[in-house]
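[1] show me the folded form of this:
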Amino acid sequence: MLPKASKRVDQVMKLANDIAREYDQEYVGTEHILLAVLREGTGVGASILDRKRVTEKAARAEVDRLVRKSMEETWVFGRLPGTPHFKNVIAKAIEQAQQLESKEVCTEHLLLALLKEPGCVAHKALKALGVSYDDVRAAVLEPTGS
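    Numbering: from 1, shown residues only. Sure, this is the predicted structure:
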């Protein structure tokens with residue numbers, strides 16, 4: 001049975017959509033998920049990033065640096081489509097939740113999935129900010145979960 005998204009992840013997805021629009025982009029990418037996890041700020045994923053001293057401002061600066069040359073325009077109305085990396089991250093977040101025997105996909109699963117999607121903007125930004133999959137996984141597995 002697939003885990004369902006937590007209410008917090010639902011909120012993160014809405015924020016990711018808003019952030020993509022702030023960037024005047026007509027798609028939702030992994031960079032928007034990363035920034036949304038930080039902006040939402042209350043999940044385990046945000047807590048782990050906070051302990052690694054990754055702020056929304058620092059992540060946004062790194063994302064801006066990485067996407068400056070790759071901004072593209074599309075003319076899609078309504079809900080923004082996800083990039084192929086975005087879709088892979090959602091699938092990987094579900095896998096992470098299942099592996100960790102969670103009943104819900106939570107922000108920590110999104111963060112782990114972003115770190116398992118090499119080549120995407122969020123993965124590159126997290127790497128540049130000193131965040132690794134192994135560190136995040138260890139933090140998720142700590143007894144307190146944060």
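
[2] got the buried residues for stretch 120-138?
    By neighbour count with 16 or more other Cβ atoms under 10 Å, stretch 120-138 contains the buried residues 120, 121, 122, 123, 124, 125, 126, 129, 131, 133, 136, 137. (Glycine included, C-beta is placed from N, CA and C.)

[3] look up phi and psi at the second one.
    In terms of degrees, to the nearest 10, the main-chain angles of residue 121 are phi -60, psi -50.

[4] the first one now?
    The phi/psi pair for residue 120 (degrees, to the nearest 10) reads phi -80, psi 160.

[5] what does the fourth one give?
    Here is the backbone geometry of residue 123 (degrees, to the nearest 10): phi -60, psi -50.

[6] check contacts around it.
    Contacts of residue 123 were listed using Cβ atoms under 8 Å, 6 or more residues apart in numbering, and they are 30, 114, 115, 117.

[7] any idea how far it is from residue 142?
    Going from residue 123 to residue 142 by Cβ to Cβ, to the nearest Å gives 23 Å.

[8] same check on the second one?
    Between residue 121 and residue 142 the distance, using Cβ to Cβ, works out to 28 Å.

[9] in terms of secondary structure, what does whichever strand or helix holds residue 39 contact?
    In the assignment (DSSP states H and E), residue 39 maps to helix 30-40. Helix 30-40 sits against helix 7-22, helix 44-51, helix 56-67, helix 84-99, helix 107-115, helix 121-128, with contacts defined as 3 or more Cβ pairs under 8 Å, 6 or more residues apart in numbering; DSSP states H and E.

[10] residue ranges with poor pLDDT in this protein?
    Along the chain, the parts satisfying pLDDT under 70 run over 1-2, 68-82, 144-146.

[11] so who does residue 83 touch?
    Contact partners of residue 83, counting by Cβ under 8 Å, 6+ apart, are 27, 28, 29, 30, 120.

[12] list just the nearest of those to residue 98.
    residue 30 (20.1 Å; Cβ to Cβ).

[13] of the contacts of residue 83 - the most surrounded one?
    When neighbours are counted by other Cβ atoms under 10 Å, residue 30 leads those with 28 neighbours.

[14] these two touch, right, that residue and residue 89?
    Yes: in this structure, residue 30 is within contact of residue 89 by Cβ atoms under 8 Å, at 5.4 Å.
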